[in-house]
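Chemist: Predicted model follows, preceded by the sequence.
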Protein chains: 2
Amino acid sequence: METSGAPRRLRGTTSWLLGQATTHAARLVSEALGAVGARRYHYSLLAALDEFGPASQAELGRRGGLDRSDVVATVNELAEKGAVERRPDPDDKRRNIVSITPSGVAHLRHLDRVVGQAQETLLAPLSAAEREELVRVLNVVLEHQG
Amino acid sequence: METSGAPRRLRGTTSWLLGQATTHAARLVSEALGAVGARRYHYSLLAALDEFGPASQAELGRRGGLDRSDVVATVNELAEKGAVERRPDPDDKRRNIVSITPSGVAHLRHLDRVVGQAQETLLAPLSAAEREELVRVLNVVLEHQG
DNA sequence: CGGTCAACGTTGGCCTGGCCAACAAGTCGG
DNA sequence: CCGACTTGTTGGCCAGGCCAACGTTGACCG
């Protein structure tokens, strides 16, 4: 075994790097959202509605990778805020149709700015080119996974 | 406001991208570790010991960003497995000195491979150059944050 | 020397995020 | 009409990250 002298640079391992970076980024975003009284799920759900339009809760869950049960809670909270409207689907009595309200859109815009700012501080040390490359690479990774 | 017609590409937002990528990466690593009965903390702590040598629990916590209380639990579990040894510090009765055992080193090597494999599947769609660049950029970001 | 403050290990608890199981109500294909 | 499936909902589990408190011990300063 060559575990004798020099300390190994596990920290330099990509996997660990990823772990560090991910937790860091996740915390930044969560904190930013928490500061304005929102959670990740709120943002995810509002964004999905804004992007793809009204949908049933199950469909919303599929869009954002949320569990059905979590969609219930999130829609409840957003509905209380008036950011979202939940009404029964006349064509399928099992379903609720969830749609974003104008107030919800405004709220989403706000969250957009907040999250964008968090990302700004995170990526501060990177040049414009590096950021672009990072975004591109991350997109590749994500799309590949489905 | 130009929020009229076309759906916006929120998903393309870097912040959201980061969110997606982070959760995805975190899950991959956690699953890989869980498959061999380990957790993030175990890996983190073993790596810190292997890299920097024996230390008190508080010091270990600082190295890996773990809370003191979590270090206690993790050391307990690792000690039961025989991967780690905890003995009182003769020079400072407040402290315990935690050191990694040969078996622990072997265990760590195993975890290294497991985590590396997870990362391999994550980064599969990337070219060697892209991976290098990704690692470099992530390092920059992390170092900048401290 | 005594007293004060800080660090240590430990216990216990909280909140969040992600997940799963079960259920009743509803839909749909055969 | 019957079985298989979907939907919304409730309840619960486990992990991760954090914080508060406590008793013990050490360092420092008057």
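Modeler: Yes, it's here.
Chemist: Which residue ranges of chain A form helices?
Modeler: A:14-35, A:40-52, A:57-64, A:68-81, A:102-122, A:128-145 (DSSP state H).
Chemist: mean pLDDT lowest for which of these?
Modeler: Mean pLDDT is lowest for helix A:14-35 among these, at a mean of 77.
Chemist: close to DNA strand C, is it?
Modeler: Yes - for helix A:14-35, a contact with DNA strand C is found by C-beta under 7 Å from any atom of the strand, at A:Ser30. C-betas here are computed from N, CA, C, even on glycine.
Chemist: That helix vs DNA strand D: in contact?
Modeler: Yes - against DNA strand D, helix A:14-35 shows contacts by C-beta under 7 Å from any atom of the strand at A:Thr23, A:Arg27.
Chemist: ok, back up a step: which of the helices of chain A sits most buried?
Modeler: Ranked by mean neighbour count under mean count of other C-beta atoms under 10 Å in any protein chain shown, these are led by helix A:40-52, which reaches a mean of 22.
Chemist: Quickly check: that one near DNA strand D or not.
Modeler: No - residues of helix A:40-52 are not located near DNA strand D by C-beta under 7 Å from any atom of the strand, the shortest gap being 12.5 Å.
Chemist: What is that helix packed up against?
Modeler: In terms of contacts (3 or more C-beta pairs under 8 Å, 6 or more residues apart in numbering or on different chains; DSSP states H and E), helix A:40-52 is packed against helix A:14-35, helix A:57-64, helix A:68-81, strand A:84-88, strand A:96-100, helix A:102-122, helix B:14-35.
Chemist: Can you tell me which of those is nearest to B:Val71?
Modeler: helix A:14-35 (16.6 Å; C-beta to C-beta).
Chemist: Now do that closest one and helix B:40-52, the angle between them.
Modeler: Angle of helix A:14-35 versus helix B:40-52, following axes from the mean of the first three to the mean of the last three C-alpha atoms, to 10 degrees, is 130 degrees.
Chemist: who touches the residue nearest the centre of chain A in this structure?
Modeler: By C-alpha atoms, centre = their mean, chain A has its centre lying nearest to A:Ser44, at 4.9 Å. A:Ser44 makes contacts with A:Gly64, A:Gly65, A:Leu66, as judged by C-beta atoms under 8 Å, 6 or more residues apart in numbering or on different chains.
Chemist: Tell me the spacing between the first one and chain B.
Modeler: It refers to A:Gly64. Distance, A:Gly64 to chain B, by C-beta to the nearest C-beta, to the nearest Å: 10 Å.
Chemist: Relative to A:Val115, how far out is that residue?
Modeler: 15 Å (C-beta to C-beta, to the nearest Å).
Chemist: and what of the second one?
Modeler: Counting by C-beta to C-beta, the gap from A:Gly65 to A:Val115 is 17 Å.
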